[in-house]
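S.K.: Everything below, folded, please.
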Amino acid sequence: MATLLRFNVTCLVISAMALGLFVMPSRLGLANSPESQPDWPTLCQQAVAEFREITPQDVQRARDELLFAVKVLDARLDRAGPEAEGWRDYLLWKAFSEELKKDSPSLDVLGAVYQRLSAGHEGLGLTWFRRVRLALERFLRLSQAVTDKNAQPNYQTVLNELGKSLAAYESDASPETATRVQELLRWLETMGQAKSVREAVLNHFSHPNVTIRVSGHWISISSQARVDVREPVREWILGTDVRGTGHMVGWRKLQIIPCEQHALFAIRVEGVLDSDTIGYNGPARIYSHSKTPFVSQKLIQFGPDGLTAQPARCDASVSTDIQDVDVTCRSQCVEKIAWRRTFQQKPAAEREAAWKAERRIARRVDQEADERLAKAQSEYLQKIREPLADRDLFPDLFLTKTTADAFHVTIRQMGHSGLAAGTSAPQAPEGAVVVQVHQSFVNNFVEGFFGGMVLKEARLQEAVRDLLGELPKELESDPDGEPWTIRFSEHRPLAVRFADNQIAIEFRGTTYWKGDRNYPGMDVKAAYRIESLDDGKSFRLVRQGPLAVFPPNFDPSTDRLSVRQQTIRRLLERRFEKIFRDTIELEPIKLSGDWEKGGPLAVKSIASQKGWLTVALDQIQ
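M.R.: Predicted structure coming up:
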């Protein structure tokens, strides 16, 4: 099953944030402006008249969708080879397939398969499994609803509650309310009801939920590197065999090129090539020194599909100083002729030498850049795009562009829920790097990836090491403790809320294991206030009160914890106190490698308002 269990390390580290790393008018167009918020209760009440009876034809269409999804998954398992038999055994594939052939399949058998598809094991979040699970859920619900006498009253109840929940979400933007809205929308979508309401909601909550702006000036100075290369020279110019050495000195940097369709960059290498050569032409030996100023440029595009590059181009000119002309026959007459011909051919020779230097320099730029670009493209595809696409989690909107002064990225992550930001990002401050994240991005992504998943401590640690090169202390195992395992809640496994200059974090697990002992579900909540220090020169997060570790829907004023609940509560408090510390200093970010010159980057400003977290970073001078 290894092929099907390709686990995205980059995405997995989102759970590490929860356990120790705090990180910071159509569906495909722009959403309605915040000034034109719909009257949700009225809109939902009007949709009551749109109720349609569930018919056998609806059930048949759902069955056809299920059969198609099963066919696609079966083909994927076939491609995986013998290792996929474990999945077939687990999913009761033989009984499942036989049941689907019947005119009236057993809902009990199909329900058992659905439960296994929803068990949260690693791999079940992949697109092929997920689509079978959703199609099976729709078939089961419609099969039951076709004879349900309460279908219309249930529909009215859902719409009434949806109207209230949407109105509440507009005012409080809480993750809890968002979850309820998503659950009600999913019910309507599964039953094929209230299309007008569903479209209105998706249209309204469809603003991008991530914007990134990187200063072009910062990119240029951060990427600048000195070029100092010595290499042999061997060319054939106007019938003369030219040999010697060249010394290239200059600077390489990355520049932005304004482009609205995608992000466009140029690797620009500018410098001078000094060459000392001897030209061999018959009995003549031509000793010369040449200077070749050059500018080479290689264009690179970046978009949702990754990086594409064009061949490098180079412009150069050659100025040659003829230092001596000698002949092997030691004839003064021949030597005079050699001098005369050398100077006669000098302009043409310089033009050809410049053309060949352009080709040689451009080839060198391509050789050095293409290897790095191929590696970056491979990592982007393997660690980001393909794993997210395999889980239907690649952003439905991913726009890049470059302006005269900055590189911009705009993302809309709707996850599996269908709700993005309800408002545009606030006015962004200045900074070398400015990131604006709406809470819906984090919540949608984490829920889509980790909702209902079973995750073991060792698996998380392995992924973090692969990504960071080391394991943070907060994620180290207890020296004398047994390994832990968690089953994340299906909804809001990790949720954040950005409001009133505070950052609230909620971590939810339905079951915990310590060794072979299992414990009931607990929610862990922490809230931080953003504080500025030294007149806004530095910032920190200060926790507001102690951690809140309680079972779901627990009221500390009236409810009492069982012995097992007290045990897991103490374990979680001890673990999460290491992560959600009383104070988190927002320390400068050190950069390494090619970007070391751009660091360290310190937080210049940070604000949390109305669902948006805005962080501006600037280089420490």
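S.K.: list the contacts for Gly521?
M.R.: Gly521 is in contact with Ser489, Arg508, Gly509, Thr510, Thr511, Tyr512, Pro551, Pro552, counting by CB atoms under 8 Å, 6 or more residues apart in numbering. Yep, even glycine has a C-beta here, placed from its N, CA and C like the rest.
S.K.: can you give me the mean pLDDT across the longest helix along the chain?
M.R.: If each helix of the chain is counted by residues according to DSSP state H, the longest one is helix 332-380. Helix 332-380 shows an average pLDDT of 87 in the prediction.
S.K.: coming back round to it: quick check on the contacts of Gly521: which are buried?
M.R.: Neighbour-count burial (16 or more other CB atoms under 10 Å) applied to the contacts of Gly521 gives Ser489, Arg508, Gly509, Thr510, Thr511, Tyr512.
S.K.: Isn't the second one up against Arg487?
M.R.: Looking back up the chat, that one is Arg508. No: taking contacts as CB atoms under 8 Å, Arg508 lies outside contact range of Arg487: 10.2 Å.
S.K.: what's the first-to-last distance across stretch 380-388?
M.R.: 11 Å (CA to CA, to the nearest Å).
S.K.: How about it, which residues are buried there?
M.R.: So for stretch 380-388, counting by 16+ other CB under 10 Å, buried means Tyr380, Lys383, Arg385, Pro387, Leu388.
S.K.: Could you do stretch 169-181 as well?
M.R.: Neighbour counts over stretch 169-181 (16+ other CB under 10 Å) mark Tyr169, Glu170, Ala173, Ser174, Pro175, Glu176, Thr177, Ala178, Thr179, Arg180, Val181 as buried.
S.K.: Among these, give me the pair with the biggest separation.
M.R.: Glu170 and Thr179 (15.4 Å; CB to CB).
S.K.: Can you tell me the number of residues neighbouring Gln377?
M.R.: Neighbour count for Gln377, taken as other CB atoms under 10 Å: 17.
S.K.: Leu117 versus that one, what's the distance?
M.R.: 34 Å (CB to CB, to the nearest Å).
S.K.: lowest confidence element among the helices and strands of the chain?
M.R.: When each helix and strand of the chain is scored by mean pLDDT, DSSP states H and E, helix 9-19 comes last, with a mean of 36.
S.K.: any idea where the helices of the stretch 451-600 of the chain begin and end?
M.R.: Ranges of helices in the stretch 451-600 of the chain, per DSSP state H, counting those that start in this stretch, are 457-468, 563-579.
S.K.: and the longest helix of the chain, what does it pack onto?
M.R.: Using 3 or more CB pairs under 8 Å, 6 or more residues apart in numbering; DSSP states H and E as the contact criterion, the elements in contact with helix 332-380 are strand 225-237, strand 240-257, strand 263-281, strand 284-303, strand 306-309, strand 313-316, strand 319-327.
S.K.: so can I have CSV of the ones you listed showing mean neighbour count?
M.R.: Shown next, in CSV, are the helices and strands packed on helix 332-380 (neighbours: other CB atoms under 10 Å):
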stretch, mean neighbour count
strand 225-237, 13
strand 240-257, 17
strand 263-281, 19
strand 284-303, 19
strand 306-309, 16
strand 313-316, 18
strand 319-327, 14
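S.K.: Check those for me: which has the lowest mean pLDDT.
M.R.: Lowest mean pLDDT within these: strand 319-327, at a mean of 84.
S.K.: So which elements touch it?
M.R.: Using 3+ CB pairs under 8 Å, 6+ apart: strand 319-327 touches strand 284-303, helix 332-380.
S.K.: So which of those is nearest Arg61?
M.R.: strand 284-303 (36.2 Å).
S.K.: if we can go back for a sec, as TSV, the helices of the stretch 451-600 of the chain with mean neighbour count would be great.
M.R.: Converted to TSV, the helices of the stretch 451-600 of the chain look like this (neighbours: other CB under 10 Å):
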stretch	mean neighbour count
helix 457-468	17
helix 563-579	16
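S.K.: Mean pLDDT added to those helices, as JSON lines?
M.R.: As requested, the helices of the stretch 451-600 of the chain are exported to JSON lines (pLDDT from 0 to 100):
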{"stretch": "helix 457-468", "mean pLDDT": "77"}
{"stretch": "helix 563-579", "mean pLDDT": "89"}
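S.K.: Now for the closest residue to Glu506 other than its chain neighbours: which residues touch it?
M.R.: In space, and not counting its chain neighbours, Glu506 is closest to Ala495: 4.6 Å by CB to CB, 6 or more residues apart in numbering. If a contact means CB under 8 Å, 6+ apart, then Ala495 has Pro175, Gln439, Val442, Asn443, Val446, Glu447, Ile505, Glu506, Arg508 as its contacts.
S.K.: try Val496
M.R.: Contacts of Val496 (CB under 8 Å, 6+ apart): Pro175, Gln439, Val442, Asn443, Ile503, Ala504, Ile505, Glu506.
S.K.: OK, contacts around the first one?
M.R.: Taking CB under 8 Å, 6+ apart as the criterion, Pro175 is in contact with Gln439, Asn443, Arg492, Ala495, Val496, Arg497, Glu506.
S.K.: again, but for the last one
M.R.: Residues counted as contacts of Glu506 (CB under 8 Å, 6+ apart) are Pro175, Arg492, Leu494, Ala495, Val496, Arg497, Asp523, Val524, Lys525.
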